[in-house]
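Undergrad: sequence plus the predicted model coming up.
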Amino acid sequence: MRATDLLGAVVYDSEGVPVGAVRDLRLTAGGPPVPDSGRPAYRLSTLECGPVGVAHRLGYGHRPMSGPWPLTVLLRMLVRRSVLVDWADVTGVHGNRIDISRRRTELRGAVRDGS
Amino acid sequence: MKADSELSADEMLLDRQILDVDGAAIGKIDDLELTEPEDGGAPVLTAFLCGPTALGPRIGGRLGLWWAAIGRRLRPTDEAYPNRIPIGEVDCVDRAQVRLTVSRDALDADRFRDWTRDHIIGRIPGAG
Amino acid sequence: MVGRRCYAVVVGVALTVLLAGCVGPTVTDAGYRNKVGDTARQISSSIASARLAVQLDLDGRMAFALTDQTVSDAESDADSAATALASRQPPTDSALKLYQRASRPIQDAVDALRALRIAVRRGDSAAIRAALAGLDAPQHGMDDLRTAASGG
Amino acid sequence: MSRLFKMALGVMTAIGGFVDIGNLVTSGITGARFGMALTWAIVLGTMGMTLYGEMAGRVAAVARRPVFHIVRERLGVRTGMANLAAFLLLSGLMLAAELGGVALVLQLVTGVNYLVWVPVAAAVTWLIVWRVSFSVMENLFGLLGLCLVVFVVALFVLPTDWGALWHGATHPWVPPDQGHPMYFFYAVSLFGACLTPFQVVFFSSGGREEHWTTKSLPEMRLNALVGFPLGGLLSIAIMAAAVVVLKPAGVDVSHLGQVALPVAQALGPVGLALALVGFMAAVMAAAAECALSMGYAVAQYLGWGWGKDRLPRDAPRFHLVCLVAVLGATALVLTSVDPVTVTVLSVVLGAAALPLTYFPVLVVANDGDYMGSHVNGRTLNALASVFLVIMVVTSIVTVPLLFFTKAGR
């Protein structure tokens, strides 16, 4: 499986409601290493899905961006609407569609309000 | 691989410049290879993929297909799988750079670069 | 995806480069009048440029190569402006009258510039002074033509 | 070299490096046609270049990332590729204009038709890209480019009515006999001539070539904050010289040679020779920088080895791109299209593509993770945002203006 297969795929929640497209993958160190994974092995832990990708791409997702003023507000608003999906909740990946076992409302927001 | 405990693919890995142990440019991280272990756990990052055949799908559309096709023709064995850099050979990943533990020659040859060096640039006097 | 956007950028810029180069046809009478006015302005600018360069050369302030280049540029600009105007079909009677009025002074201007270029290349300062003086009449001719073209 | 000499050298190089065929031609044309009424466009363009040049230099020094690394990282693969395609097309056009400029200067000096000199100019440009070291290229051409100061000297020697010049500059109204579209077309061309995309790509990649670190920030800032404005002042001096001599005589500039006439009138053959040396150095350096920038852009986008600090064997594809760029631009000039028209076209179209190149630089200069304490201040961001809006407006206005004025004829 390649990152490209996941990036851009649309996530549907348990009731078939689209949650958004996958904008970013978060990898967490941990678990037993496998061949070629090196030490520590990095596992796909969460998918960051949201309606608009440009904010993540430009780096306004969860980074200390100090400006320029109108952009920070606008892009932060966009990013706030994206959600985190744990890989454990993913039930199936079929081409451009990812099904998860939770409902949309149960998913936590991507942006921790602190940053 | 020395890196933060949690990495964002988009922010820290994808489209980053890969340097070998002596700082020579290898290419960009065009894609990531994720392998599902036998025990059925979460996919594990096993390699960086670079080269036109990896970049093609990310460009998408006709241009992407054409790009990947050119890349395939440049590969020695004409097989579609892009250049693969196992994570075991990655020294460190941080904001400044992505650095390998091995030198460029140890990796499988970049045919386009070598062809250009031998057939065009190498022939011009002063190429060093 | 990027196929379209990338093609659009490339095609757009190429199209602009092509279209910007060509000159649109003049259809209306006003368009023709503008064309005559423009031609007169271009030719009077060429005359002024040649005059300035040769004047400076006579005062010993120029390098010969630059004088020769500026004068031959002026001559070829005037010539191409004249032929560009001549190739235009005057759309109306008043435009035709304007063209008949304009063609003589324009031809004089081009001939005067040619004479100057020949004199400069031969390095004959007497002939250069004569040719320089010969520029005054065409210069006034062009100024009259501009007022005629814009005055209507 | 003592640190002071190195600093002075850097500033002089920035002055010489700022002026290229675009500035020479557009300053000459607008001076002869609009007088000083368009000075504001050069001032605006110079301020924009100073602001974003310093930002790109800071990003290159602190985040160690040249422009096209940032373009791909921040705009993504697709938008980045569209940006790269537009950049290559416009820089190729600009490279053709620069090569044409070099050929025109050689024609002025020798009298032989410029088409003969184009292959020579291309060969010299390739030689510079191929083996002349980065610092030699910068310093030699930067210093020779300083000969353009002869225009400032000419202004003092000529019977210049400084009050009238100042009045013209501070009252930027459209002269009665000129149409508004033409006025704004040349405003865009002046603005674009100062802010050509390849200059910022070259400035930031040059920073990586010279391995700038946070310690080299003061020197980089000096180059950008002193060198570029003085380069802009030089462009204004060239325009003022045209206003003093060419405009009263009724001469419209359509050839490079006419731009040097005011210096001949003021200082005679010696001044003229210096002006032509200045032309040659400025345009020659710009041609080499333009070719290199195209190599930098492609190599940085695709992750190939790049840079002049290593043997060509170690960066073969980078040099291949530079070679193909020079050959392509030479072919374009050899079609005997008028180099002055190509120059005006390339600066104007360059102006249309400005936001694409400068926006990612602004974003990264604001990223705390990359820049640490060197991140943009609030006022700097406000100023940069104003210029970004100006650039966006310019790119919207440019193409319609181009059609309406038929490229300023």
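TA: Okay, I see it.
Undergrad: any low-confidence regions in chain C?
TA: Low-confidence segments of chain C, defined by pLDDT under 70: C:1-7, C:9, C:13-27, C:152.
Undergrad: all helices of it, in order?
TA: With helices called from DSSP state H, chain C shows them at C:2-21, C:29-58, C:64-86, C:93-122, C:125-133, C:136-151.
Undergrad: what's the angle from the last one to helix C:29-58?
TA: Right, the one you point to is helix C:136-151. With axes from the mean of the first three to the mean of the last three C-alpha atoms, to 10 degrees applied, the angle from helix C:136-151 to helix C:29-58 works out at 150 degrees.
Undergrad: contacts for whatever helix or strand D:Leu140 lives in next, please.
TA: When elements are assigned from DSSP states H and E, D:Leu140 belongs to helix D:134-145. When contacts are taken as C-beta atoms under 8 Å, 6 or more residues apart in numbering or on different chains, the neighbours of helix D:134-145 outside the stretch itself are D:9, D:12-17, D:19, D:128, D:206, D:209-210, D:277-278, D:280-282, D:284-285, D:288, D:308-309. Where C-beta positions appear, they are placed from N, C-alpha and C, glycine not excepted.
Undergrad: for stretch C:73-83, same thing?
TA: Outside stretch C:73-83, the residues within contact range by C-beta under 8 Å, 6+ apart are C:39, C:42-43, C:45-47, C:49-50, C:53, C:106-107, C:109-110, C:113-114, C:116-117, D:254-255, D:257-258.
Undergrad: hang on, the earlier thing: how about the helices of chain C, which one is nearest D:Val389?
TA: Shortest distance between D:Val389 and the helices of chain C, using C-beta to C-beta, is found for helix C:2-21: 21.4 Å.
Undergrad: nearest the middle, which residue of chain A would you pick?
TA: The structure's chain A has its C-alpha centroid closest to A:Glu48; by C-alpha atoms, centre = their mean the separation is 0.9 Å.
Undergrad: which ones are touching it?
TA: For A:Glu48, the residues meeting the contact criterion (C-beta under 8 Å, 6+ apart) are A:22-26, A:56, A:61, A:82-85, A:110, B:8.
Undergrad: the same query, at a cut-off of 7 Å, please.
TA: Taking C-beta atoms under 7 Å, 6 or more residues apart in numbering or on different chains as the definition of contact, the neighbours of A:Glu48 are A:23-24, A:26, A:56, A:82, A:84, A:110.
Undergrad: part of a strand, is it?
TA: Yes. The assignment for A:Glu48 (DSSP: H, G, I helix; E, B strand; the rest coil) places it in a strand.
Undergrad: so what pLDDT did it get?
TA: On pLDDT, A:Glu48 comes in at 87.
Undergrad: can you give me the buried ones in stretch C:90-109?
TA: Applying a neighbour-count criterion of 16 or more other C-beta atoms under 10 Å in any protein chain shown, one finds C:90, C:95, C:98-99, C:102, C:105-106, C:108-109 buried in stretch C:90-109.
Undergrad: for stretch D:262-274, same thing?
TA: Across stretch D:262-274, burial judged by 16+ other C-beta under 10 Å covers D:262-268, D:271-274.
Undergrad: show only the entries of these found in helices.
TA: The subset of those located in helices under the criterion DSSP H comprises D:262-268, D:271-274.
Undergrad: which residue, other than its chain neighbours, is closest to the residue nearest to the centre of chain A?
TA: The shortest distance from A:Glu48 to any residue other than its chain neighbours is 4.0 Å, reached at A:Asp24 (C-beta to C-beta, 6 or more residues apart in numbering or on different chains).
Undergrad: just say helix, strand or coil for that neighbour.
TA: Under the three-state scheme (three-state DSSP), the conformation of A:Asp24 reads as strand.
Undergrad: thinking it is in contact with B:Met12, fair?
TA: No. With the criterion set as C-beta atoms under 7 Å, A:Asp24 and B:Met12 do not qualify as a contacting pair; they are 10.2 Å apart.
Undergrad: looking at these two, which is more packed in?
TA: Neighbours were counted for A:Asp24 and for B:Met12 using other C-beta atoms under 10 Å in any protein chain shown; A:Asp24 has more, 25 against 18.
Undergrad: OK, contacts around that one?
TA: In this structure, A:Asp24 makes contact with A:48, A:56, A:61, B:8-10, judged by C-beta under 7 Å, 6+ apart.
Undergrad: and D:Val157, by the same measure?
TA: Applying C-beta under 7 Å, 6+ apart, the residues contacting D:Val157 are D:266-267.
Undergrad: how near is it to chain A?
TA: Here D:Val157 is placed at a distance of 46 Å from chain A (C-beta to the nearest C-beta, to the nearest Å).
Undergrad: and the pLDDT for that residue?
TA: You'll see D:Val157 listed with a pLDDT of 93.
Undergrad: how near is it to chain C?
TA: If you go by C-beta to the nearest C-beta, the gap between D:Val157 and chain C works out to 11 Å.
Undergrad: if we can go back for a sec, how close does the residue nearest to A:Glu48 get to D:Val364?
TA: Using C-beta to C-beta, to the nearest Å, A:Asp24 is found at 18 Å from D:Val364.
Undergrad: got it, and D:Ala169?
TA: The value you get for D:Ala169 to D:Val364, if C-beta to C-beta is used, is 35 Å.
Undergrad: between these two, which has more neighbouring residues?
TA: The residue with more neighbours, out of D:Ala169 and D:Val364, is D:Val364; 28 against 20, by other C-beta under 10 Å.
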